[in-house]
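Novice: missing the sequence, but the structure's below:
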């Protein structure tokens, strides 16, 4: 029989302690619904009384009727007080959630130094607090803070703390590597010992200060832990928490545990990217399983092999976690890269096609000039479609102009004027922005929205400028990479010029060009019946 593992997500609590992450109550509710759809078993929402956002979250989440258990967080009662008079514990009990996690000290050093109380009083604090929750019919999880450091320093006391929580009725004993400094071998050995001494089910909560949070979590599971706590994308204080986006597929696809239904696992990549978007934090492209480059192939030998069988350079099928295979095309690419990429677009191409050799040489020359197509899939797709006989035009740019002036109090104002031809109609419009690129973006959209209303759904999500040949100073060539998004997807485009405005314009136009092409593709059964975009011929 397959062993089941319980997933406890603390993105909304521990994850928000990460630098640069701040979630509103609305953000937390959106993420909670996404986590519920993923199928995690517990969603830790925060402390019901610690701040206004958490108070609002716990009040509003009741109406969502989620399948996951919404869990409150708090700490054991204050020293030398009564649990039923501790305001934090009372707020947790009154929050209406079915479960709560209480954190307590298990390292004698922390008891003396942080709490400044006796070892005996700390044991009473743990027992009284867990018992308080159980008396009110709640499921109680005990997070033994700094457990592994405490066990290594004073194993008898660390175990005594767990025993007190167990005696009080704790449903889970969660062992925390709070400082993130324990090694996987130590985790396995200590969890194995605890499993022999206690009967309550064990959970694991690790931090990533040694880049070992995922490895430590897996080691704990192998030693008998049955709950894993972590966050989406590994968000959390300092170096972060254990990354559930790696833990979940490792447990299920590599180690054979029962974690999520297969159809839920296929939503993992979408969940990771959704949370990243809400948190306004860019995901590392190389993040395991869910990153944009997790199944990306660049070397010609690699691409040639995966075209024969993807197992040659992919450890799983990317679709199992909702990701997809990507073929990168660059100056390092072989003919296989071009063929694979073109075929994925439905283009009729083969190894003997002279066009294939010509476009490969053309791409290499463009990359020599500064273009970077491995980071700009949308621009590459447009380039390939045009090269293989799909000259597509939806609008033509006749001219554009930028005006920048200093206004009152030294404020800089930017205005863009664009002249387009759309299906034979000349469109002349202007728009302001908080900078030249923003003004151009606004003007281009303003000109096109009357023809393509869905363009309003597109937004620019990232903008990067790279300078080449710094010795040329202000005359140096620059590369602009623009990332754009809508509700369904994200795409990137590139522009290169010695003029940053021209490079930005080129990338902007490609972005809109790609978006409109795909809008047409989603609503039209035949490409032969539509006009397509053709603006910048690199």
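Specialist: Looks like it came in fine. Computed from a predicted model, the values in this text were never measured in an experiment.

Novice: The stretch 101-250 of the chain: helices as residue ranges?
Specialist: 108-110, 119-135, 147-153, 155-167, 184-197, 213-222, 244-249 (DSSP state H, counting those that start in this stretch).

Novice: Rounded mean pLDDT for the shortest one, please.
Specialist: When pLDDT is averaged over helix 108-110, the result is 97.

Novice: hang on, the earlier thing: out of the helices of the stretch 101-250 of the chain, which is the most enclosed?
Specialist: Mean neighbour count (mean count of other C-beta atoms under 10 Å) peaks for helix 244-249 among the helices of the stretch 101-250 of the chain, with a mean of 26. C-beta: built from backbone N, CA, C; applies to glycine.

Novice: Can you list the buried residues in the next helix or strand after that helix?
Specialist: Helices and strands here follow DSSP states H and E; after helix 244-249, the next one along the chain is helix 262-265. Across helix 262-265, burial judged by 16 or more other C-beta atoms under 10 Å covers 264, 265.

Novice: Return the set of buried residues in the helix or strand following helix 262-265.
Specialist: Proceeding N to C from helix 262-265, the next assigned helix or strand is helix 268-279, under DSSP H and E. Going by neighbour count (16+ other C-beta under 10 Å), the buried part of helix 268-279 is 268, 269, 270, 271, 272, 273, 274, 275, 276, 278, 279.

Novice: again, but for stretch 7-24
Specialist: So stretch 7-24, judged by 16+ other C-beta under 10 Å, has buried residues 7-16, 18, 21, 23.

Novice: and if you look at stretch 106-115?
Specialist: Buried-residue list, stretch 106-115, by 16+ other C-beta under 10 Å: 106, 107, 108, 110, 111, 115.

Novice: what's the distance between the second one and residue 306?
Specialist: Spelled out, that is residue 107. From residue 107 across to residue 306, the span is 49 Å (C-beta to C-beta, to the nearest Å).

Novice: just the last one next, same as before
Specialist: Noted for residue 115: a distance of 56 Å to residue 306, by C-beta to C-beta.

Novice: picking that back up, kindly reformat the helices of the stretch 101-250 of the chain as JSON lines containing distance to residue 394.
Specialist: Shown next, in JSON lines, are those (distance: least, C-beta to C-beta, whole Å):
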{"stretch": "helix 108-110", "distance to residue 394": "64"}
{"stretch": "helix 119-135", "distance to residue 394": "61"}
{"stretch": "helix 147-153", "distance to residue 394": "60"}
{"stretch": "helix 155-167", "distance to residue 394": "65"}
{"stretch": "helix 184-197", "distance to residue 394": "55"}
{"stretch": "helix 213-222", "distance to residue 394": "46"}
{"stretch": "helix 244-249", "distance to residue 394": "37"}
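
Novice: nearest to residue 482, of the ones you listed?
Specialist: helix 244-249 (26.0 Å; C-beta to C-beta).

Novice: And the closest one, what does it pack against?
Specialist: Here helix 244-249 touches strand 6-9, helix 213-222, strand 227-230, helix 268-279, going by 3 or more C-beta pairs under 8 Å, 6 or more residues apart in numbering; DSSP states H and E.

Novice: Off-centre distance for that helix?
Specialist: 12 Å (C-alpha atoms, centre = their mean, to the nearest Å).

Novice: Report the rounded mean pLDDT for it.
Specialist: On average, helix 244-249 scores 98.

Novice: Okay, now the unreliable bits of this protein?
Specialist: 327-353, 355-356, 374-375, 389, 391-393, 408, 410, 468-475, 520-538 (pLDDT under 70).

Novice: can you redo the buried residues of stretch 106-115 as a markdown table with distance to residue 357?
Specialist: What follows is the buried residues of stretch 106-115, written out as a markdown table (distance: C-beta to C-beta, whole Å):
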| residue | distance to residue 357 |
| --- | --- |
| 106 | 66 |
| 107 | 66 |
| 108 | 71 |
| 110 | 67 |
| 111 | 72 |
| 115 | 72 |
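
Novice: Could you give me the buried positions within the helix ranked longest in the chain?
Specialist: In the chain, assigned by DSSP state H, the helix with the most residues is helix 500-523. Going by neighbour count (16+ other C-beta under 10 Å), the buried part of helix 500-523 is 500-520.

Novice: Out of the helices of the stretch 101-250 of the chain, flag the one nearest residue 102.
Specialist: Among the helices of the stretch 101-250 of the chain, helix 119-135 sits nearest to residue 102 (C-beta to C-beta), with 5.3 Å.

Novice: Residues contacting the closest one, please?
Specialist: Helix 119-135 is contacted from outside by 75-80, 82-84, 86, 89, 92-93, 100, 102, 104-105, 108, 111-112, 115, 117, 139-140, 142, 157, 160-161, 164-165, 167-170, using C-beta atoms under 8 Å, 6 or more residues apart in numbering.

Novice: In PyMOL, how would I select just the buried ones from these?
Specialist: Command for PyMOL that selects the buried part of the contacts of helix 119-135, burial taken from 16+ other C-beta under 10 Å:
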select buried, resi 75+76+77+78+83+86+89+92+93+100+102+104+105+108+111+115+117+139+140+142+157+160+161+164+165+168+169+170
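
Novice: sorry, back to before: from the buried residues of stretch 7-24, which is closest to residue 71?
Specialist: Nearest member of the buried residues of stretch 7-24 to residue 71, counting by C-beta to C-beta, is residue 8, at 7.6 Å.

Novice: thought the closest one was touching residue 35?
Specialist: No. Using C-beta atoms under 8 Å, residue 8 is not in contact with residue 35; the gap is 10.7 Å.

Novice: With adjacent residues omitted, what lies nearest to residue 401?
Specialist: Closest residue to residue 401 apart from its sequence neighbours, by C-beta to C-beta, 6 or more residues apart in numbering: residue 417 at 4.4 Å.

Novice: That neighbour and residue 402: what is the separation?
Specialist: 8 Å.

Novice: and if you look at residue 379?
Specialist: Taking C-beta to C-beta, one finds residue 379 at 22 Å from residue 402.

Novice: The two: who's more crowded?
Specialist: With neighbours defined as other C-beta atoms under 10 Å, residue 379 and residue 402 compare such that residue 379 has more, 28 against 18.

Novice: packing partners for the helix or strand containing the more buried one?
Specialist: If you go by DSSP H and E, residue 379 is part of helix 377-387. Secondary-structure packing of helix 377-387 (3+ C-beta pairs under 8 Å, 6+ apart): helix 335-344, helix 354-369, strand 490-497, helix 500-523.

Novice: so which of these gets nearest residue 423?
Specialist: Nearest to residue 423, of those and by C-beta to C-beta, is helix 500-523 at 12.2 Å.

Novice: and the closest one, how far from the chain's centre?
Specialist: Counting by C-alpha atoms, centre = their mean, helix 500-523 comes out at 25 Å from the chain centroid.

Novice: Could you do stretch 103-115 as well?
Specialist: Worked out by C-alpha atoms, centre = their mean, stretch 103-115 lies 34 Å from the chain centre.

Novice: now residue 291, nearest residue through space, not along the chain?
Specialist: Closest to residue 291 by C-beta to C-beta, 6+ apart is residue 285, at 5.3 Å.
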